[in-house]
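Peer 1: model this:
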Amino acid sequence: MNSVEQIKAQIEIAFPDARIEIIRNDSPSAQHSLLVPAAHALVAAKFLRDDPELRLDYCSNVTGVDWLDAELTEKVKVKKLVEGVEKEVEEVKKTQRPGYLESVYHLYSMEKKHGPVIIRLRTENRSDKANLPSLTPVWRGCEFQEREIYDLYGIVFDGHPDLRRILMWDEFKDFPMRRDYTEPDDYEYEPTPHDEVAEKAKKHFPEASPVA
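Peer 2: Just a heads-up that it's a prediction; the model follows:
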């Protein structure tokens, strides 16, 4: 199977406006992934499915990832005067990275018997611009998994054929798999509260005062 570098080049040749980034994985698995711009996600997905060499016709898994705001540090070399002599010194540069959400797709070829190829789509932020194109029109098996990501992370998949909650109930607020999610302490929906749930419920439903 082609390397991620070769697949990146193939996509960029087919779609010159697309800027694909390789996200490296330094773990023993070394499963590097391709960050695909949302604007080119559908055409890139169809290319990966239909290209005669790749034929990535099966999406085995789709998952969500939540990246909070973070302060990034990197070491940079700058020239400074040290005791009247210009020298190259190393400094730590800090930058603020806004948070975002990702959907990650693991692709295989049943025809060619190879894979996985991992692609990532990234939202603009974690609030009002958390939309991504649905890849269900390309790989039908993405439907329920994209619904799960929508339900638990809050990514809105544009073009999904049936985007609605799949695990939580319709009235549920917030997204329980986000890293800053705070569990509510009002468990009025719990029919038989016990242990920690019962202790939390007492804050909202204290026992009736004894009759004098």
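Peer 1: From now on I want contacts and neighbour counts done on CA atoms only, so please keep to that.
Peer 2: OK.
Peer 1: Which helix or which strand is home to the residue positioned nearest the centre of the chain?
Peer 2: A centroid search over the chain (CA atoms, centre = their mean) returns residue 102, at 1.9 Å, as the residue closest to the centre. Here residue 102, judged by DSSP states H and E, is contained in strand 100-109.
Peer 1: Give me the contacts around that strand.
Peer 2: 54-69, 114-126, 130, 149, 153, 155 (CA atoms under 8 Å, 6 or more residues apart in numbering).
Peer 1: Let's see that strand as CSV, backbone CA atoms only.
Peer 2: Taking Å, rounded to 0.1, in the frame of the first residue of the first chain, the C-alpha atoms of strand 100-109 are listed here in CSV:
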residue,chain,number,x,y,z
TYR,A,100,-11.2,22.5,18.2
LEU,A,101,-12.9,19.2,17.6
GLU,A,102,-11.9,16.4,15.2
SER,A,103,-13.6,13.4,13.6
VAL,A,104,-11.2,10.6,12.7
TYR,A,105,-11.9,7.9,10.1
HIS,A,106,-10.1,4.6,9.7
LEU,A,107,-10.3,3.4,6.2
TYR,A,108,-9.5,0.0,4.6
SER,A,109,-9.8,-1.6,1.2
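Peer 1: thinking again about what came up before, list the beta-bridge partners for the residue nearest to the centre of the chain.
Peer 2: Listed by DSSP bridges, the beta-bridge partners for residue 102 are residue 65, residue 122.
Peer 1: re earlier: any buried residues in the strand holding residue 102, and which?
Peer 2: Using 16 or more other CA atoms under 10 Å as the test for burial, strand 100-109 gives 100, 101, 102, 103, 104, 105, 106, 107, 108, 109.
Peer 1: Output the contacting helices and strands for the worst-scoring helix or strand of the chain on mean pLDDT.
Peer 2: Ranking every helix and strand in the chain by mean pLDDT, DSSP states H and E puts helix 195-204 at the bottom, with a mean of 73. On a contact count with 3 or more CA pairs under 8 Å, 6 or more residues apart in numbering; DSSP states H and E, helix 195-204 meets no helix or strand.
Peer 1: and that helix, how far out from the chain's middle?
Peer 2: Taking CA atoms, centre = their mean, to the nearest Å, one finds helix 195-204 lying 34 Å from the centre of the chain it belongs to.
Peer 1: Repeat that for stretch 171-188.
Peer 2: For stretch 171-188 - counting by CA atoms, centre = their mean - the centre lies 19 Å from the chain centre.
Peer 1: Now do the strands in this protein.
Peer 2: With DSSP state E as the criterion, the chain has strands at 21-23, 33-35, 58-67, 70-82, 85-97, 100-109, 114-122, 131-133, 156-158.
Peer 1: possible to save those as a markdown table with mean pLDDT and distance to residue 42?
Peer 2: A markdown table is the format used below for the strands of the chain (pLDDT from 0 to 100; distance: least, CA to CA, whole Å):
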| stretch | mean pLDDT | distance to residue 42 |
| --- | --- | --- |
| strand 21-23 | 97 | 16 |
| strand 33-35 | 98 | 13 |
| strand 58-67 | 98 | 14 |
| strand 70-82 | 85 | 29 |
| strand 85-97 | 86 | 27 |
| strand 100-109 | 98 | 13 |
| strand 114-122 | 97 | 11 |
| strand 131-133 | 98 | 7 |
| strand 156-158 | 98 | 11 |
